[in-house]
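**Student:** Sequence and predicted structure, then a few things I'm wondering about:
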Amino acid sequence: MGSRSLMCITAITLFAALAVPIRLAAQEQQQQDQNKEHTRYKLVDLGTFGGPASYFPNGFDGFLNNHGTAAGWADTSTPDPYPGFCFNLDCFVSHAFRSQNGVLTDLGVLPGGSSSSAFWISANGLIIGNSQNGQIDPLVAGLPENRAVLWQKGAITDLGTLEGGHESLASAVNSRGQAVGVFLNTVPDPFSFFAPFYPYQARAFLWENGTMQDLGTLGGPDAFAFFVNERGQIAGPSYTNSTRNSATDPCGTNVPTEEPFIWEKGKGMTSLGTLGGTCGLPSALNNRGQVVGLSDLPGDSIFHPFLWTKSRGMRDLGTLGGDTGETNWINDAGDIAGKADLPGTLSPPNHDAVLWRNAEITDLGTLPDDSCSNAYYVNSRGQVVGTSEDRQGCIALVGEHAFLWEDGGPMVDLNTLIPRGSALQLTYAVAINDRGEIAGFGVPPGCSVQNYSICGHAYVLLPCGEGDDGCEGESLAGVTQNIPVASQRSITTTPANPALSDRPATMLGRLRARWGQRYRVPGLGTGPTN
C-alpha cells in the first residue's frame with residue numbers, strides 16, 4: 001500500500017474518531033452561548049376553565065399589551081351544544097378571558113350565547129372578540145350566529161351587523177375604541193372569503209361610537225379589515241374585481257385579484273398594490289402607517305414578503321435564497337419579524353426566523369439540532385420570539401421549542417429559562433411586550449406537540465426579579481390542573497394545519513381558516529403552525 005493511501009486512511013480514521021467529540025464540544029458551546037446573561041422567567045400556565053385547552057388568537061399578535069394584560073379564550077367542561085358546528089376543534093364550550101399577572105377573568109358571552117373568544121387588546125385595555133348570541137343563522141341550517149363584540153369596564157357590547165346580515169367578526173381595536181373586522185351581508189357571492197361554507201359577501205367594517213360603517217372595497221365584492229392603529233388607519237385585503245384568476249396561492253384558488261389596502265378617514269380605501277402578481281395580503285400595521293405582508297411575484301408561482309411605506313410604496317424584502325418569505329409583525333421602529341426560505345431542493349424547504357431592520361435581513365438561525373424556525377414578534381427593544389423545530393416538525397408544520405433572540409443572538413430555548421420541573425413544554429412564543437413579558441402556547445404532559453390545538457395551554461412568562469416567588473423550583477399552578485386527555489374523546493389526532501381539517505366549519509373556524517390561508521398558516525383552534 002502506498003504512503004499516500006496510508007496517509008489518507010489514517011486521516012480519515014482520525015477524523016472519524018474526533019468527529020463526535022468535536023460535534024459535542026460545539027453543541028456544548030452553543031448551549032453555553034444560549035444560557036449566557038439571559039433573564040429567567042416565572043412560568044404562568046393560564047390553564048383552562050375546566051376543559052382541555054386554552055387559546056391565544058391565531059394570526060394576529062395584538063393580544064398582549066405593555067401593561068401585561070393578555071386576552072384569549074379557554075375551554076369549560078361543558079360539551080358544545082352545537083356539535084355540528086363546534087366553536088373549537090375539541091368541541092367544548094369556551095369563554096373569552098382577560099389575564100393580568102396570570103390571573104384569569106372570565107369575560108362571559110352575549111345573552112343566550114354559549115361560547116366566546118377574545119382576539120385583541122388595546123394599549124389601554126379595550127378588548128374585542130366574538131361571541132355567539134344564542135340565535136341560529138337562517139342562511140345556514142343549524143349554524144349559531146356569531147357577533148363581533150367589545151369588552152370594556154366589565155361589560156360586553158354587541159357591535160351588530162349591516163345590510164341585513166347575521167354574522168360579524170372582529171379582529172382589532174385601538175385605544176380610541178375604534179374596532180374593525182368583517183360582517184357578512186345577504187348578497188350571494190361565489191368568491192366570498194367564507195365560501196363555499198357561507199357564499200355571501202364579506203365586507204370590512206369600522207365600528208366607533210356605537211355605529212358600524214361599511215368601508216367599501218377596491219372594486220371587487222369582498223374586503224376584510226384586519227388591523228387598526230392608534231391613528232385610526234386601517235389595513236386589510238380586498239378583491240379588486242370579480243374576474244377569476246387561474247392561480248392557486250395564499251389568496252385561494254381561482255379567485256379574483258386580491259390586494260392589501262390602507263383606509264384613512266376622509267381618504268377612503270387605497271390599494272397598496274402587489275409585487276407583480278394577483279395576490280397580496282397584509283400581516284401587520286404599525287402606528288407609523290407602515291404595512292408588511294406578502295405578495296405574489298409575476299406568474300403567481302411564488303410569493304415574497306413586502307414592506308409598504310407612504311413615501312416609497314411597496315418594497316420586496318427578499319428571502320434567504322429560497323422562493324418564499326413571510327412577515328409576521330412590525331414594531332413602531334420599523335423592525336420586522338418573520339421567516340424566509342433557504343436555498344435547496346427539499347420539499348418543503350427549510351426556513352429560518354429572520355429580522356428585517358432598515359430593509360436588511362438578519363438570519364436568526366435555529367436552535368441546535370433543529371432545521372426550521374419562525375419569528376412571530378419583535379418588541380421595541382429588539383427582542384424577538386418564535387418557534388424552532390426539527391426536520392420532521394418542519395415537514396408537519398409543527399413548532400417544538402419556543403425561543404427568544406436578543407442582543408445579537410444566538411436564539412435561546414425558553415424552556416431553559418423557566419424553573420425545572422415546569423408543567424408545560426413551551427412550543428411557541430408568539431408575543432413579547434416592551435416589559436419583556438412573553439406569551440405563547442405549550443403542551444402539558446400527555447399532550448403531544450401535534451395536538452396543541454386540542455389540549456395545549458396558553459402561557460405567560462414574567463421576567464424574574466430577585467427573590468420572586470415562582471422563579472425557582474416548580475412553576476406556579478394555572479387555573480386548573482385537571483387536564484382531560486384528548487384521546488379520552490372521539491378526537492385522537494389533529495392535522496398539523498387544522499385549517500385543512502374536514503371537521504364541520506363554524507364562522508369563527510372559517511375566520512381562522514381564512515387567516516390560515518395566509519403566510520403564517522395559523523390553526524383553527526389556537527396559534528400558528530411554523
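**Tutor:** Received the coordinates, thanks.
**Student:** correct me, but residue 107 touches residue 99?
**Tutor:** No: counting by C-beta atoms under 8 Å, residue 99 is not a contact partner of residue 107; they are 10.6 Å apart. Using the backbone N, CA and C atoms, a C-beta is placed for each residue, glycine as well.
**Student:** Settle it for me: which of the two has more neighbours?
**Tutor:** residue 99 (27 against 23; other C-beta atoms under 10 Å).
**Student:** Which element, helix or strand, includes that one?
**Tutor:** strand 92-100 (DSSP states H and E).
**Student:** Report the strands that pair with that strand, each with its relative direction.
**Tutor:** strand 69-79 (antiparallel), strand 103-108 (antiparallel) (DSSP bridges).
**Student:** List the buried residues of the shortest one.
**Tutor:** Translated: strand 103-108. 104, 107, 108 (16 or more other C-beta atoms under 10 Å).
**Student:** who's in contact with it?
**Tutor:** Residues outside strand 103-108 that contact it (C-beta atoms under 8 Å, 6 or more residues apart in numbering) are 46-47, 49, 74, 95-99, 116, 118, 127, 129, 151, 156, 479.
**Student:** let's see it at 6 Å
**Tutor:** 95, 96, 97, 98, 151, 479 (C-beta atoms under 6 Å, 6 or more residues apart in numbering).
**Student:** Which strand or helix spans the fifth one?
**Tutor:** When you say that, I think you mean residue 151. With DSSP H and E as criterion, residue 151 is part of strand 144-152.
**Student:** wait, what's in contact with residue 92?
**Tutor:** So residue 92 contacts 51, 75 (C-beta under 6 Å, 6+ apart).
**Student:** one more time with 7 Å
**Tutor:** Contact analysis of residue 92 by C-beta atoms under 7 Å, 6 or more residues apart in numbering lists 51, 52, 75, 76, 78, 79, 80.
**Student:** Quick check: beta-bridge partners of it?
**Tutor:** Residues in beta-bridge contact with residue 92 (DSSP bridges): residue 79.
**Student:** re the thing from before, can I get the contacts of residue 92 in CSV with pLDDT and neighbour count?
**Tutor:** Shown next, in CSV, are the contacts of residue 92 (pLDDT from 0 to 100; neighbours: other C-beta atoms under 10 Å):
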residue, pLDDT, neighbour count
51, 97, 25
52, 96, 26
75, 97, 29
76, 98, 17
78, 97, 15
79, 97, 14
80, 96, 21
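**Student:** which among those gets closest to residue 400?
**Tutor:** The closest of these to residue 400 turns out to be residue 52 (C-beta to C-beta; 20.3 Å).
**Student:** Pull the host helix or strand of the closest one out as CSV, backbone CA atoms only.
**Tutor:** Using DSSP H and E, the element containing residue 52 is strand 50-55. Output in CSV follows, covering the C-alpha atoms of strand 50-55 (Å, rounded to 0.1, in the frame of the first residue of the first chain):
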residue,chain,number,x,y,z
GLY,A,50,-62.3,23.2,33.4
GLY,A,51,-61.8,21.9,29.8
PRO,A,52,-58.8,20.6,28.0
ALA,A,53,-57.4,23.7,26.2
SER,A,54,-56.8,27.4,26.3
TYR,A,55,-56.0,29.7,23.4
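**Student:** Would you mind pulling up the elements that that strand packs against?
**Tutor:** Counting contacts by 3 or more C-beta pairs under 7 Å, 6 or more residues apart in numbering; DSSP states H and E, strand 50-55 is packed against strand 69-79, strand 92-100, helix 452-455, strand 457-463.
**Student:** pretty sure residue 223 is touching residue 214, no?
**Tutor:** No: counting by C-beta atoms under 7 Å, residue 214 is not a contact partner of residue 223; they are 8.9 Å apart.
**Student:** what is the orientation angle of the strand holding residue 151 with strand 103-108?
**Tutor:** 130 degrees (axes from the mean of the first three to the mean of the last three C-alpha atoms, to 10 degrees).
**Student:** Enumerate the sheet neighbours of strand 144-152, specifying parallel or antiparallel for every one.
**Tutor:** strand 127-136 (antiparallel), strand 155-158 (antiparallel).
**Student:** Pull the contacting residues for the closest residue to residue 51 other than its chain neighbours.
**Tutor:** Take residue 51 and drop its neighbours on the chain: the residue closest to it by C-beta to C-beta, 6 or more residues apart in numbering is residue 75, 2.5 Å away. By C-beta under 7 Å, 6+ apart, the contact set of residue 75 is 48, 49, 51, 52, 53, 54, 88, 90, 92, 94.
**Student:** And residue 190, how far from residue 316?
**Tutor:** According to C-beta to C-beta, to the nearest Å, residue 190 stands 32 Å off from residue 316.
**Student:** same check, this time on residue 77
**Tutor:** Distance from residue 77 to residue 316, by C-beta to C-beta: 49 Å.
**Student:** same thing with residue 94?
**Tutor:** Taken as C-beta to C-beta, the span from residue 94 to residue 316 is 40 Å.
**Student:** re earlier: just give me the closest of the buried residues of strand 103-108 to residue 345.
**Tutor:** residue 104 (47.1 Å).
**Student:** mean pLDDT lowest for which of the strands paired with strand 92-100?
**Tutor:** Ranked by mean pLDDT, the strands paired with strand 92-100 bottom out at strand 103-108, which scores a mean of 94.
**Student:** Report the distance from it to the chain centre.
**Tutor:** 22 Å (C-alpha atoms, centre = their mean, to the nearest Å).
**Student:** could I have that strand exported to CSV, CA atoms only?
**Tutor:** C-alpha atoms of strand 103-108 as CSV (Å, rounded to 0.1, in the frame of the first residue of the first chain):
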residue,chain,number,x,y,z
VAL,A,103,-54.9,35.6,36.9
LEU,A,104,-57.8,34.8,34.5
THR,A,105,-61.1,36.7,34.4
ASP,A,106,-64.0,35.1,32.5
LEU,A,107,-65.3,37.8,30.2
GLY,A,108,-68.6,35.9,29.5
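**Student:** circling back: report the two of the contacts of strand 103-108 separated the most.
**Tutor:** 151 and 479 (18.6 Å).
**Student:** Which of these two has more residues huddled nearby?
**Tutor:** More crowded of residue 151 and residue 479, by other C-beta under 10 Å: residue 151, with 24 against 21.
**Student:** what sits against the nearest residue to the more buried one once chain neighbours are set aside?
**Tutor:** Leaving aside its sequence neighbours, residue 151 sits nearest to residue 127 (C-beta to C-beta, 6+ apart; 4.3 Å). Going by C-beta under 7 Å, 6+ apart, residue 127 touches 71, 98, 107, 118, 121, 151.
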